[in-house]
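1. just coords:
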DNA sequence: CGCGGACATTGATCCGGGTCAATAAGAGCG
DNA sequence: CGCTCTTATTGACCCGGATCAATGTCCGCG
């Protein structure tokens, strides 16, 4: 802790961190945490700015403190697929590899607790419990990616849009930012644009828009503005999404 | 080694293993390897048999010794997506979780070196270098899944089929089972049926078949029988697959 | 407050690929 | 060796969603 940079206040920045109890930091013992605290620094990215460019050197990895990060792959002719959305407490980047095959872009304003990659790797190798946590997190991401593969390969446009809303709704629910204050119906803020939705769902903006209106006229959802959704009956939305509640977790 | 079960011959079964130098076994020190040897036993599955059923208990994990395993997800109405294909040396199952959300089916006859799950987890936690290897393997699978997401979300039917052939060809190449003996053109055996291809590519058997004939008439591929493919010019196939060679690895 | 630019919705049209149906080609087997 | 069963190919048709185009809405800014 004596080696801390002089620009740091005496209070450790982790103390202010809203996500530290939900990330790999929560697994760290005191010593590991203080090392992470020492090598980490907060970086901010404006909405739409690039965090890591595909194929280029990846000097740092990090943990999302706030905002939404989208991971994209693009083909040489410009077709683009979003292959992952990262929210607060998610891990960005990849240890043990100095390039990575995605671009990370800020879908909203984003704050990241960044670690110089090799320093982070050193902490990992000295603290197997952190690496274990990273393994679990990676396995979960793999599951999510495979769920999305089924969505992309099997589902209709309507199911895709409904699934995306479920995805966001559940995340909002988990973070307790879901209840509508006026009438206590579940509601949430959509943190991305229609075109991001389309790129994640393997479809087009027009189709997304049409399906949203369909869901609206079927009274499955209600909007107060383009990004604020109210879902009177979550189960009906899940049904339209083709999600078998009995087989799903979280 | 004294604790080895009596049914085991004195020669350790690992000595005969064709994949041990390409799996996490290659990372194991002598002690870890002998533990894995002790808890592992070879299980065989006939083509089309189920290895692990989605949602059910997962009593063991393992390493594919030979054959091809497909991981599938199915929707309640029967629509099915293959979310991964596993080949020799790949890891099947998931540590630190007693259910998993996929079915694993033998796409060909399959041999697996199986480990009782909790015993395997114990070895993992005692040997961080093994867990590290598992992390790397999982990260690679995540990359593969995300590549596939782009395929499913962005690519045309022709690109999908060509991409699948590239995928198999590269794997065959890597394992040195690719050269055609007669004329030394790259060739390989397709280890799965057309309907598996379709389920992996998010399309239908008919479309797969049509696209294969298209590639045939365009002289990009040649078939000696329904499962033996010859690719005179890999680069042309890659071009049709929409794969940017400069940006891809292995 | 009104203007311009980005984002979202809606409409009209078209086509890639899904669906249904028939045929062909293997592969096991008595 | 022919029969049957499964798997693959080919054909005809149609529809969901892509594409192209117009309109509407929101927001920041002079």
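-> Ah, there it is. The model shown is predicted, which means the values in this text are computed figures rather than measured ones. Residues are numbered from 1 along each chain as shown, chains lettered A, B, ... in the order given.
2. bridging residues for the residue most central in space within chain A?
-> Central residue of chain A (CA atoms, centre = their mean): residue A:86, 1.7 Å from the mean position. Note on residue A:86: beta-bridge partners residue A:69, judged by DSSP bridges.
3. Could you check how far it is from residue A:141?
-> 9 Å (CB to CB, to the nearest Å). Backbone N, C-alpha and C define where each C-beta goes, glycine included.
4. Next, the buried residues of the longest helix belonging to chain A.
-> Longest helix of chain A, by residue count under DSSP state H: helix A:128-154. By 16 or more other CB atoms under 10 Å in any protein chain shown, the buried positions in helix A:128-154 come out as A:130-139, A:141-143, A:145-154.
5. ok, now stretch A:120-127?
-> So stretch A:120-127, judged by 16+ other CB under 10 Å, has buried residues A:120-121, A:123-124, A:127.
6. what's the answer for stretch A:67-79, then?
-> Quick answer for stretch A:67-79 (16+ other CB under 10 Å): A:67-75, A:79.
7. what comes into contact with stretch A:30-44?
-> For stretch A:30-44, contacts defined as CB atoms under 8 Å, 6 or more residues apart in numbering or on different chains pick out A:1, A:3-4, A:12-14, A:25, A:28, A:62, A:65, A:109-116, A:119-120, A:123, A:126-127, A:129-130.
8. Restricted to helices, list those.
-> Using DSSP H, the contacts of stretch A:30-44 in helices are A:119-120, A:123, A:126, A:129-130.
9. Spatially, which two of those residues are the most separated?
-> Greatest spatial distance among the ones in helices among the contacts of stretch A:30-44 (CB to CB): A:119 and A:129, at 17.8 Å.
10. residue boundaries of the strands in chain A?
-> A:40-45, A:50-52, A:60-66, A:69-74, A:80-86, A:91-92, A:103-106, A:110-116, A:187-189, A:222-225, A:228-230 (DSSP state E).
11. Figure out how far the worst-scoring helix or strand of chain A on mean pLDDT is from the centre of its chain.
-> Lowest by mean pLDDT, DSSP states H and E among the helices and strands of chain A is helix A:30-39, with a mean of 90. Offset of helix A:30-39 from its chain centre (CA atoms, centre = their mean, to the nearest Å): 24 Å.
12. With stretch A:62-77 instead?
-> The answer for stretch A:62-77 is 9 Å, by CA atoms, centre = their mean.
13. Next, see if that stretch gets close to DNA strand D.
-> No: Stretch A:62-77 does not reach DNA strand D (CB under 7 Å from any atom of the strand); its nearest approach is 10.8 Å.
14. returning to what we had before: let me know the angle separating the least confident helix or strand of chain A from strand A:60-66.
-> Following axes from the mean of the first three to the mean of the last three CA atoms, to 10 degrees, one obtains 90 degrees for the angle between helix A:30-39 and strand A:60-66.
15. List the buried residues for helix A:30-39?
-> When neighbours are counted by 16+ other CB under 10 Å, the buried residues of helix A:30-39 are found to be A:32-33, A:35-39.
16. what inclination does that helix have with respect to strand A:110-116?
-> 110 degrees.
17. now the angle between helix A:128-154 and helix A:30-39, please.
-> 70 degrees.
18. Kindly reformat the buried residues of stretch A:120-127 as TSV and extend each row with pLDDT and distance to residue B:173.
-> Rendered in TSV, the data for those read as follows (pLDDT from 0 to 100; distance: CB to CB, whole Å):
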residue	pLDDT	distance to residue B:173
A:120	96	34
A:121	96	31
A:123	95	38
A:124	95	33
A:127	94	39
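19. between these, which is closest to residue A:197?
-> residue A:120 (32.0 Å).
20. Tell me how far that closest one lies from residue A:174.
-> 26 Å.
21. do the same with residue A:79
-> Using CB to CB, residue A:79 is found at 32 Å from residue A:174.
22. Chain neighbours aside, what residue packs nearest to residue A:70?
-> residue A:107 (4.7 Å; CB to CB, 6 or more residues apart in numbering or on different chains).
23. which parts of chain A sit against DNA strand C?
-> Going by CB under 7 Å from any atom of the strand, the residues of chain A near DNA strand C are A:193-195, A:205-206, A:208-210, A:212-213, A:223, A:226-227.
24. could you flag which of these are buried?
-> A:193-194, A:208, A:212.
25. Kindly indicate which of these lies nearest chain B.
-> residue A:208 (13.2 Å; CB to the nearest CB).
26. wouldn't that closest one be in contact with residue A:192 here?
-> No: with contact defined as CB atoms under 8 Å, residue A:208 does not count as touching residue A:192 (10.8 Å).
27. Point out where chain A drops to low pLDDT.
-> A:1-12, A:177-183, A:246-250 (pLDDT under 70).
28. quick one: contacts of stretch A:79-86?
-> Residues contacting stretch A:79-86 (CB under 8 Å, 6+ apart): A:64, A:68-74, A:92, A:102, A:104, A:107, A:141, A:144-145, A:148, A:192, A:196, A:199-200, A:202, B:146, B:149-150, B:153-154.
29. touching DNA strand D at all, that stretch?
-> No: Stretch A:79-86 stays out of contact with DNA strand D when judged by CB under 7 Å from any atom of the strand, the minimum separation being 8.5 Å.
30. now that stretch, how far from the centre of its chain.
-> 11 Å.
31. And stretch A:219-226, by the same measure?
-> Worked out by CA atoms, centre = their mean, stretch A:219-226 lies 23 Å from the chain centre.
32. Could you do stretch A:37-48 as well?
-> 16 Å.
33. Likewise for stretch A:57-75?
-> Per CA atoms, centre = their mean, the centroid offset for stretch A:57-75 relative to its chain is 9 Å.
34. Could you tell me the end-to-end distance of it?
-> 19 Å (CA to CA, to the nearest Å).
35. Next up, the contacts around residue A:223.
-> A:212, A:216, A:229-230.
36. How about residue A:48?
-> A:105-107 are the contacts of residue A:48 under CB under 8 Å, 6+ apart.
37. okay, those residues in TSV with neighbour count next?
-> Listed next are the contacts of residue A:48 as TSV, based on neighbours: other CB atoms under 10 Å in any protein chain shown:
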residue	neighbour count
A:105	21
A:106	21
A:107	21
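38. so which of those would you say is closest to residue B:241?
-> residue A:105 (25.7 Å).
39. Does the closest one touch residue A:53 like I think?
-> No: applying CB under 8 Å, one finds residue A:105 not in contact with residue A:53, separated by 9.3 Å.
40. now, which of the residues of chain A next to DNA strand C lie within helices?
-> Among the residues of chain A next to DNA strand C, the members found in helices (DSSP H) are A:194-195, A:205-206, A:208-210, A:212-213.
41. Overlap in contacts, residue A:86 and residue A:141.
-> With CB under 8 Å, 6+ apart, residue A:86 and residue A:141 have no common neighbours.
42. what residues does chain A put near DNA strand D?
-> A:156-158, A:202-204, A:206-207, A:225-226.
43. Filter the residues you listed down to the buried ones.
-> Buried, going by 16+ other CB under 10 Å: A:157-158, A:202-203, A:207, out of the residues of chain A next to DNA strand D.
44. and the residues you listed, which two are the farthest apart?
-> So, these by CB to CB: farthest apart are A:158 and A:202, at 13.8 Å.
45. picking that back up, could the strands of chain A be laid out in CSV, adding distance to residue B:44?
-> Below are the strands of chain A laid out as CSV (distance: least, CB to CB, whole Å):
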stretch, distance to residue B:44
strand A:40-45, 49
strand A:50-52, 44
strand A:60-66, 42
strand A:69-74, 38
strand A:80-86, 36
strand A:91-92, 39
strand A:103-106, 44
strand A:110-116, 46
strand A:187-189, 50
strand A:222-225, 56
strand A:228-230, 51
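46. Alright, that wraps it up for me.
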